[in-house]
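# Coordinates for the following, if possible.
(chains A and B)
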Amino acid sequence: AQTVTQSQPEMSVQEAETVTLSCTYDTSESDYYLFWYKQPPSRQMILVIRQEAYKQQNATENRFSVNFQKAAKSFSLKISDSQLGDAAMYFCAYRSANTGNQFYFGTGTSLTVIP
Amino acid sequence: NAGVTQTPKFQVLKTGQSMTLQCAQDMNHNSMYWYRQDPGMGLRLIYYSASEGTTDKGEVPNGYNVSRLNKREFSLRLESAAPSQTSVYFCASRHTGTGSYGYTFGSGTRLTVV
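Numbers count the residues shown, from 1 in each chain, chains lettered A, B, ... in the order given. The predicted structure follows:
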């Protein structure tokens, strides 16, 4: 099974500053998808951003962007201009493009935004 | 609003009791999933249903059963609850086919087994 590692259990950032959350994964496949999900205190899981492994261009969604390094198997999430509403648990996830029924999740990073 | 609906949101069971968690989606998704979330362990797949009429085991299926009642509904049953099944349970669905489709999640069920 693929493994997804989030080595930062907790992170904090000042409001309006930028923060980067790390994620690495282990796979022998060349075609796959990567995701970042946000889980606020409401418990609802919300898709933040996704990346196709075959695309070299890093995905961007408003203030959220990724740094996808395929050779290094790294997929970090950058949050720019952090807002209080960004405070949440963030999960990195992997899905194979070939046997893609299961998503593999990391253990999460708890982000605190300091006013 | 369109999405994934889970019931109940909270439940307390005594050891040995049984219960069924209900999940329904109205997005015409083929695939549906049950995950459990435990502190420090992320989300782990219990069972999934790739299409109506099929179900398969995930990473942690022991102690659970599932039923894909129709395309919309996918239920998770605990026949004899154990304290180790105390967790938050999420149902999710996904459009299948080529493409980077992510999950749409329900709002979760917090289950406590005493």
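
# And for A:P115, the neighbour number?
6 (other CB atoms under 10 Å in any protein chain shown). For glycine as for every other residue, the C-beta is placed from the backbone atoms N, C-alpha and C.

# same question, B:G58
Residues contacting B:G58 under the criterion other CB under 10 Å number 18.

# my read: it touches B:S49, true?
No - taking contacts as CB atoms under 8 Å, B:G58 lies outside contact range of B:S49: 10.7 Å.

# so what sits against both of these two?
Taking CB atoms under 8 Å, 6 or more residues apart in numbering or on different chains as the contact rule, B:G58 and B:S49 both touch B:Y33.

# quick one: the strands in chain A?
A:3-5, A:10-14, A:19-21, A:24-26, A:32-39, A:46-52, A:60-61, A:64-69, A:74-79, A:88-96, A:103-105, A:109-114 (DSSP state E).

# typo on my end, it should be chain B
Using DSSP E, strands in chain B cover B:4-7, B:10-13, B:19-25, B:31-38, B:42-49, B:56-57, B:64-68, B:74-78, B:87-94, B:104-105, B:109-113.

# Identify the residue spatially nearest to residue 48, adjacent ones excluded.
Here I'm looking at chain A. A:W36 (4.4 Å; CB to CB, 6 or more residues apart in numbering or on different chains).

# that answer is for a different chain, and I need it for chain B
With CB to CB, 6+ apart as the measure, B:Y33 is the residue that lies nearest to B:Y48, at 4.4 Å, once sequence neighbours are left out.

# okay, now that neighbour: neighbour count?
By other CB under 10 Å, neighbour count at B:Y33 equals 26.

# That one contacts B:A92, correct?
Yes - counting by CB under 8 Å, B:Y33 touches B:A92, with 4.5 Å between them.

# overlap in contacts of these two?
Residues touching both B:Y33 and B:A92 (CB under 8 Å, 6+ apart): B:Y103.

# what's the neighbour count on A:G85?
9.

# thinking again about what came up before, tell me the contacts of the residue nearest to B:Y48?
Counting by CB under 8 Å, 6+ apart, the residues that B:Y33 touches are B:45, B:47-49, B:58, B:74, B:91-94, B:103.

# Who does the most centrally placed residue in chain B form a beta bridge with?
What sits nearest the mean C-alpha location of chain B, by CA atoms, centre = their mean, is B:W34, with 2.6 Å. Counting by DSSP bridges, B:W34 is bridged to B:Y47, B:C91.

# how close does it sit to B:K9?
Using CB to CB, to the nearest Å, we find B:W34 at a distance of 16 Å from B:K9.

# go on, A:N98?
Taken as CB to CB, the span from A:N98 to B:K9 is 36 Å.
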